[in-house]
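Enquirer: from the sequence below, what's the structure:
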Amino acid sequence: MIRAGRLKYAQTMADLAAQLGMPLGTFRNKKPHTQKGHPAPISSPTSRALLWDSEQTAAFHAGKPVPALPKADADEDLLDRHEAAAELGVSAASWNKYKSDPKLTEHVVLVPAGDGGTEHWPRRVVREFKASRPGRGAGGGRRVGSGDMIPRDEILPRIAELLDDNPAITLTEVADTLGIAKFPTAQAGLAQLRGRRIADLIEVDPDLPPLEAAERLGYPTATRRGAAAIAAAELQTRQARPYLQQVADALAAAGVADPIQIELRRLGDEHLAAALPLTAGQTWPALVWDERYGWRTATSRRHPIGKDTGSAPEGEGIRYLASGIRPEPAEVLEALASAEEAER
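Expert: Coordinates of the predicted model:
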């Protein structure tokens, strides 16, 4: 947030780059704001538009002690949408609906000023709006246990809403609010979403330690290590998926594979693998990619990956294609054609 009276010191990434005499593109590549000891952004952890306090950054780059910012909340603190939503006790998505209320629109502050600025609201205004909202009344809100028949595909989105409202929400609160099983449904869903959100932050700032990301997001200490482990697995999957989809699309364009969206499977809770069904008339029903062994043919279309034995699969009908773990799509296609020719 922008502490009361410090709006004049708020600086954007472009401002900080200019302060350092650096083009914005160079700044994004070199990321000088991630070096050890650099003042943290004053924007909320989930904000896409980072802001800093120029007095702090100027002192840091001049080699001087970085002045501390006020710690106590004040009525004139300026809150971005995530912070305003937290103050109101709703999700950021809900805040997007509330912010069009005249009680809020007349007090909005753009930082920096003008088109493209990030919306902020004085804490006082948000509190006054909160006090003016009508209560839920008797029987208001969601009845505990009313979600016994909640469809499976709605569980994660509903848990995400609760996590937006309260990053420190407990398993019991999730289970009671949605009427779902505490174990494993609520536990697995909450852990998965926390892990994904940690991964989102690390994608923006690759040098950010996972446990620090969990702390920034407001997750309880007891949940941070588990969520960080899930985030590591999520990042591993995200890094592999674009390559595999590129290969899948290339083989589909060549008419030898079915057009699919690649789904990755984790073997032994550690290694990634994916299957790519081939079109009818091909020698093999599918191809398999394993991050340990690269591409190979498979003898089953229904269960192409098979059981993980800890060693590279061998046997009749299994041929390894191309070289390396991530050969170019053209190499995979050429290797498959050569293998087909050899089989004939």
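Enquirer: run a quick neighbour tally on Ala113.
Expert: For Ala113, the count of nearby residues is 9 (other CB atoms under 10 Å). The C-beta positions use only the backbone N, C-alpha and C, and glycine is treated the same way.
Enquirer: and if you look at Ser132?
Expert: By other CB under 10 Å, neighbour count at Ser132 equals 9.
Enquirer: could you say which helix or strand holds the nearest residue to it once chain neighbours are set aside?
Expert: Take Ser132 and drop its neighbours on the chain: the residue closest to it by CB to CB, 6 or more residues apart in numbering is Lys103, 6.8 Å away. Under the criterion of DSSP states H and E, Lys103 resides in helix 102-105.
Enquirer: distance of the residue minimising distance to the centre of the chain from Leu193?
Expert: Central residue of the chain (CA atoms, centre = their mean): Asp200, 2.6 Å from the mean position. Here Asp200 is placed at a distance of 11 Å from Leu193 (CB to CB, to the nearest Å).
Enquirer: hey, what's in contact with both of the two?
Expert: Between them, Asp200 and Leu193 share no contacting residue under CB atoms under 8 Å, 6 or more residues apart in numbering.
Enquirer: what is the burial count for the closest residue to Lys31 other than its chain neighbours?
Expert: In this structure, Lys31 finds its nearest non-sequential neighbour in Asp207, 7.3 Å apart by CB to CB, 6+ apart. The tally of other residues near Asp207 (other CB under 10 Å) stands at 10.
Enquirer: and Asp207, what pLDDT?
Expert: We have a pLDDT of 91 for Asp207.
Enquirer: my guess is it contacts His33. True?
Expert: No: counting by CB atoms under 8 Å, His33 is not a contact partner of Asp207; they are 10.1 Å apart.
Enquirer: who's in contact with the residue nearest to Ser132?
Expert: Lys103 neighbours (CB under 8 Å, 6+ apart): Val125, Glu128, Phe129, Ser132.
Enquirer: quick one: which of those residues has the most company?
Expert: Neighbour max across the contacts of Lys103 (other CB under 10 Å) = Val125, 21 neighbours.
Enquirer: and the pLDDT for it?
Expert: Confidence score, pLDDT, at Val125: 94.
Enquirer: what does Gly135 give?
Expert: 46.
Enquirer: now do Pro112
Expert: So, for Pro112, pLDDT stands at 85.
Enquirer: for Ala250, same thing?
Expert: We have a pLDDT of 94 for Ala250.
Enquirer: please, which helix or strand holds it?
Expert: helix 221-253.
Enquirer: using PDB, list the CA coordinates for the following helix or strand past that helix.
Expert: For helix 221-253, the succeeding helix or strand toward the C-terminus, using DSSP H and E, is strand 264-267. Included here for strand 264-267 are C-alpha records, laid out as PDB according to Å, rounded to 0.1, in the frame of the first residue of the first chain:
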ATOM      1  CA  LEU A 264       1.200 -34.500 -17.900                       C
ATOM      2  CA  ARG A 265       1.400 -37.300 -15.400                       C
ATOM      3  CA  ARG A 266       3.700 -37.500 -12.400                       C
ATOM      4  CA  LEU A 267       5.500 -40.900 -11.900                       C
END
